[in-house]
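Asker: Could you work out the structure for the sequence below:
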Amino acid sequence: MKVMLFLFSDRRTALRIEGAENGLPSGAVLAVPDPQGMVFDNGSKLVGGQEDLEGEWKAMGSVDEVALRVKKALGLE
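Answerer: Residues are numbered from 1 along each chain as shown. Next up is the predicted model:
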């Protein structure tokens, strides 16, 4: 099974480790997933993290295809 996470900046202040680098490697940014930003590839189809996928998402057959589309959208491909 493969998983793709669309991450968001962590804006929470609770449970944060305070310190010079907060336990993160230099240059790292703390990010969190949202259930709607999770896509699972069970080997035969994509499954949403919180609800069924719709529209163009259903037409994509794998997380690899999603990754390719994201790269193209960002101009990285």
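Asker: Spell out the residue ranges of the strands in the chain.
Answerer: 2-9, 31-41, 46-48 (DSSP state E).
Asker: Those: which one's closest to V70?
Answerer: strand 2-9 (8.4 Å; CB to CB). From N, CA and C alone the C-beta is placed, and that goes for glycine too.
Asker: now the closest one and strand 31-41, what's the angle there?
Answerer: Angle of strand 2-9 versus strand 31-41, following axes from the mean of the first three to the mean of the last three CA atoms, to 10 degrees, is 160 degrees.
Asker: Mind listing residues that contact strand 2-9?
Answerer: 29-34, 37-41, 62-64, 66-67 (CB atoms under 8 Å, 6 or more residues apart in numbering).
Asker: which among those residues end up buried?
Answerer: Using 16 or more other CB atoms under 10 Å as the burial test, the contacts of strand 2-9 include V39, F40, D41, S62, V63, V66 as buried.
Asker: measure the last one to L53 for me?
Answerer: Translated: V66. Distance, V66 to L53, by CB to CB, to the nearest Å: 10 Å.
Asker: what does S9 give?
Answerer: 24 Å.
Asker: out of those two, which sits in the more crowded spot?
Answerer: Between S9 and L53, counting by other CB atoms under 10 Å, L53 is the more crowded of the two (16 against 9).
Asker: Could you pull up the residues touching the more buried one?
Answerer: Contacts of L53 (CB under 8 Å, 6+ apart): V39, L46, V47.
Asker: Torsion angles phi and psi at it?
Answerer: Torsion angles at L53 (phi, psi; degrees, to the nearest 10) stand at phi -80, psi 150.
Asker: Please name the spatially closest residue to G48 (chain neighbours excluded).
Answerer: V39 (6.5 Å; CB to CB, 6 or more residues apart in numbering).
Asker: pretty sure that neighbour contacts E51?
Answerer: No. If you go by CB atoms under 8 Å, V39 and E51 don't touch, sitting 11.4 Å apart.
Asker: Where does the prediction get shaky in this structure?
Answerer: 11-23 (pLDDT under 70).
Asker: Mind jotting down where the helices sit in it?
Answerer: Assigned by DSSP state H, the helices in the chain fall at 56-59, 63-73.
Asker: Out of the ones you listed, the one nearest M1 is which?
Answerer: That would be helix 63-73 among these, by CB to CB, at 9.3 Å.
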